[in-house]
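Trainee: Structure of the sequence below:
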Amino acid sequence: GGIYISCAMFSGAGTLTANGRDGAAYAGVGGGGRIAIACTNCLGWSGVTQAKPGTGGYAPGWHGTLYVRDARFLSPVSTTNQLFQLWGVPAWSPASLWMSNSYLGLIDPEFTLNVTNDLMLVGSTLEKTNSGFAVGGKLTLDGSRMYLNGFSTSLVSLSVGGSMLMTNGSALHVYSGMTNGVSPDYGALVSVKGTLAMAGGCTNCPYSHNTNGGSVLFRLGGLSLAAGARIDADGKGYAGFLPGDSYHAGRGPGGGRGELNPYISGAGYGGQGGKASAGYGLTYGSTNAPIAPGSGASCPGTAYADLDQAGGGSVRIDATGGRVTVDGIITATTSGDGNVGQYIGGGAGGGIYIVCKTFAGSGSLNAKGANHTSAGDGGAGGGGRIAVWSQVRTFTTNNATAAGGTSPVQPGGAGTIVWGVLQEPGTVFMVH
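Mentor: Numbering: from 1, shown residues only. Prediction:
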């Protein structure tokens with residue numbers, strides 16, 4: 001339901017709830033309601049505010065809204081069991097913030113969040129849409145989730161002045177906006193001055209824009225990816241089939257070719273897609289600086305739309321001068337299980353591009369194209385592109401693949417892998 005309070009001063013330590021009802025089997029849950037506090041002085045409020053959806057049921061609901069005019073309604077230090085989307089105030093600048101068992105949705109694209117010192121999320125979710133926010137100190141995700149949504153042309157960004165730590169199965173999801181490919185050549189930016197450390201079981205998911213190809217740039221002081229941790233861009237590149245499409249080529253410069261028959265080619269990127277009667281997906285992009293995502297496969301119409309494949313996404317890490325240790329997995333292969341069957345082309349592998357001083361670890365890098373399991377009616381996906389530039393490399397290079405997808409008839413072409421060597425900065429004197 002709805003709660004609306006209009007007053008000169010609002011205070012207390014009680015509870016405001018407008019929660020949706022729980023759902024039964026095969027039924028959706030109720031969405032959260034709306035709460036509005038129209039007051040000019042909210043300095044005295046320290047209670048619980050919730051507009052959460054119900055739980056259980058067949059389909060999830062959305063959190064409701066909290067509207068306030070005075071940012072002092074929000075706790076300047078800690079937030080526990082607070083569950084709502086925030087509207088009304090244009091900005092919030094707490095000195096530090098600790099969130100526990102809470103959901104905070106910052107959906108207003110004009111809203112800015114600037115935490116002067118540290119931000120810590122414990123069992124919580126923070127969602128920010130179509131702009132950015134800054135943390136002056138350390139950012140910690142402990143059993144928590146963070147979503148940065150740049151669905152439109154807006155640049156979504158996260159700036160962390162210290163280090164960033166992810167533990168206890170935490171997840172970071174970054175959705176890129178569009179880019180013109182030049183200035184800037186990315187659609188979302190995650191900047192961490194210190195080291196981004198991901199413990200086992202944690203996931204970092206960068207999503208490229210599925211028609212424009214804008215992708216996420218991680219600008220880091222360093223990266224520590226523990227065994228069991230993942231940077232996962234699988235199927236997060238160019239789209240294949242989208243609602244409203246009929247017979248078509250997959251999205252992206254190397255999109256799979258389609259005709260008015262069920263013989264569909266694979267998509268290309270670093271390697272060309274497996275050829276079929278409609279041709280094949282072309283190669284594109286740079287071997288040395290692969291910032292683009294992989295292209296999507298096509299399918300012959302809506303009857304097969306649930307089977308088509310998006311291309312692998314883009315994992316781009318600029319840790320110039322820092323150390324990148326990969327004992328976990330960095331993957332930018334295709335969606336699903338990496339296999340397609342009858343009438344469907346295979347998606348292309350994506351891009352992995354890393355620049356750092358030291359590249360170490362015994363994990364894996366994967367930009368493989370999709371396999372095609374049916375003979376004679378479609379092609380596999382081409383491999384993606386991997387490029388790692390460093391001054392020192394102790395990483396196990398055999399653990400990297402950009403192979404094309406396999407097929408009984410039309411395999412995808414092999415992608416590219418570059419192990420570049422950066423020169424030490426400074427002046428070189430040559431004496432003869």
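
Trainee: give me the low-pLDDT residue ranges for this structure?
Mentor: Along the chain, segments meeting pLDDT under 70 span 76-77, 151-154, 241-248, 258-263, 277-278, 300-308, 336-343, 374-377, 426-432.

Trainee: And the residue nearest the centre of it?
Mentor: Using C-alpha atoms, centre = their mean, the residue of the chain that lies closest to the mean C-alpha position is residue 206, 2.5 Å off.

Trainee: Quick check: residue 218 touching residue 317?
Mentor: Yes - using C-beta atoms under 8 Å, residue 218 makes contact with residue 317 at a distance of 4.8 Å. C-betas here are computed from N, CA, C, even on glycine.

Trainee: coming back round to it: please give me every residue in contact with the residue nearest to the centre of the chain.
Mentor: 174, 176, 188, 215-216, 218, 231, 233, 236, 313-316 (C-beta atoms under 8 Å, 6 or more residues apart in numbering).

Trainee: Return the member of those residues nearest to residue 288.
Mentor: Using C-beta to C-beta, residue 316 comes nearest to residue 288 of those, at 13.1 Å.

Trainee: Helix or strand: which one has the closest one?
Mentor: strand 314-326 (DSSP states H and E).

Trainee: ok, that strand: who's next to it in the sheet?
Mentor: strand 216-225 (parallel), strand 351-360 (parallel) (DSSP bridges).

Trainee: possible to save those as a markdown table with mean neighbour count?
Mentor: Output for these, formatted as a markdown table (neighbours: other C-beta atoms under 10 Å):
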| stretch | mean neighbour count |
| --- | --- |
| strand 216-225 | 23 |
| strand 351-360 | 23 |
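
Trainee: who does the helix or strand harbouring residue 417 pair up with?
Mentor: Element membership for residue 417 (DSSP H and E) is strand 416-421. Next to strand 416-421 in the sheet, as set by DSSP bridges, lie strand 385-390 (parallel).

Trainee: Following element in sequence after the strand it pairs with, please.
Mentor: strand 392-393.

Trainee: how far is that next one from where the chain is centred?
Mentor: Mean-position distance between strand 392-393 and its chain equals 28 Å (C-alpha atoms, centre = their mean, to the nearest Å).

Trainee: can you check stretch 390-406 too?
Mentor: 22 Å.

Trainee: buried stuff in it?
Mentor: Under the neighbour-count criterion of 16 or more other C-beta atoms under 10 Å, stretch 390-406 has 390, 393, 395, 400, 401, 402, 403, 404, 405, 406 buried.

Trainee: doesn't the last one fall inside a strand?
Mentor: No - using DSSP: H, G, I helix; E, B strand; the rest coil, the assignment for residue 406 is coil, not a strand.

Trainee: Chain neighbours aside, what residue packs nearest to residue 71?
Mentor: residue 89 (4.6 Å; C-beta to C-beta, 6 or more residues apart in numbering).

Trainee: Over to that neighbour: give its phi and psi.
Mentor: Main-chain torsions, residue 89, degrees, to the nearest 10: phi -80, psi 140.

Trainee: Contact partners for it?
Mentor: Here residue 89 is in contact with 68, 69, 70, 71, 74, 111 (C-beta under 8 Å, 6+ apart).

Trainee: so of the residues you listed, which ones are in strands?
Mentor: residue 68 (DSSP state E).

Trainee: Please check the contacts of residue 89 and keep the buried ones.
Mentor: 68, 70, 71, 74, 111.

Trainee: With distance to residue 132 added, can I get these in JSON lines?
Mentor: Shown next, in JSON lines, are those (distance: C-beta to C-beta, whole Å):
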{"residue": "68", "distance to residue 132": "22"}
{"residue": "70", "distance to residue 132": "23"}
{"residue": "71", "distance to residue 132": "18"}
{"residue": "74", "distance to residue 132": "19"}
{"residue": "111", "distance to residue 132": "11"}
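
Trainee: Closest one to residue 140 out of these, please.
Mentor: residue 74 (19.6 Å).

Trainee: List the contacts of the closest residue to the closest one other than its chain neighbours.
Mentor: Excluding the flanking residues, the one nearest residue 74 by C-beta to C-beta, 6+ apart is residue 92, at 5.9 Å. For residue 92, the contact set (C-beta under 8 Å, 6+ apart) comprises 71, 74, 86, 111, 112, 113, 114.

Trainee: Residue 363 against residue 331, yeah?
Mentor: No - between residue 363 and residue 331 there is no contact under C-beta under 8 Å: 10.1 Å.

Trainee: how near is residue 249 to residue 35?
Mentor: 48 Å (C-beta to C-beta, to the nearest Å).

Trainee: okay, the strands paired with strand 314-326 in TSV with distance to residue 53 next?
Mentor: Formatted as TSV, the strands paired with strand 314-326 follow (distance: least, C-beta to C-beta, whole Å):
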stretch	distance to residue 53
strand 216-225	28
strand 351-360	37
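
Trainee: quick one on the thing from earlier: can the contacts of residue 92 go into TSV with extra columns for distance to residue 414?
Mentor: Listed next are the contacts of residue 92 as TSV, based on distance: C-beta to C-beta, whole Å:
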residue	distance to residue 414
71	55
74	54
86	49
111	46
112	46
113	45
114	47
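
Trainee: which of those lies closest to residue 279?
Mentor: residue 111 (47.0 Å).

Trainee: Tell me who's in contact with that closest one.
Mentor: By C-beta under 8 Å, 6+ apart, the contact set of residue 111 is 86, 89, 90, 91, 92, 131.

Trainee: Against residue 58, how distant is residue 49?
Mentor: Taking C-beta to C-beta, one finds residue 49 at 28 Å from residue 58.

Trainee: Which one's more surrounded, the two?
Mentor: residue 49 (24 against 11; other C-beta atoms under 10 Å).

Trainee: With adjacent residues omitted, what lies nearest to that one?
Mentor: Per C-beta to C-beta, 6+ apart, closest to residue 49 is residue 16, 4.8 Å.
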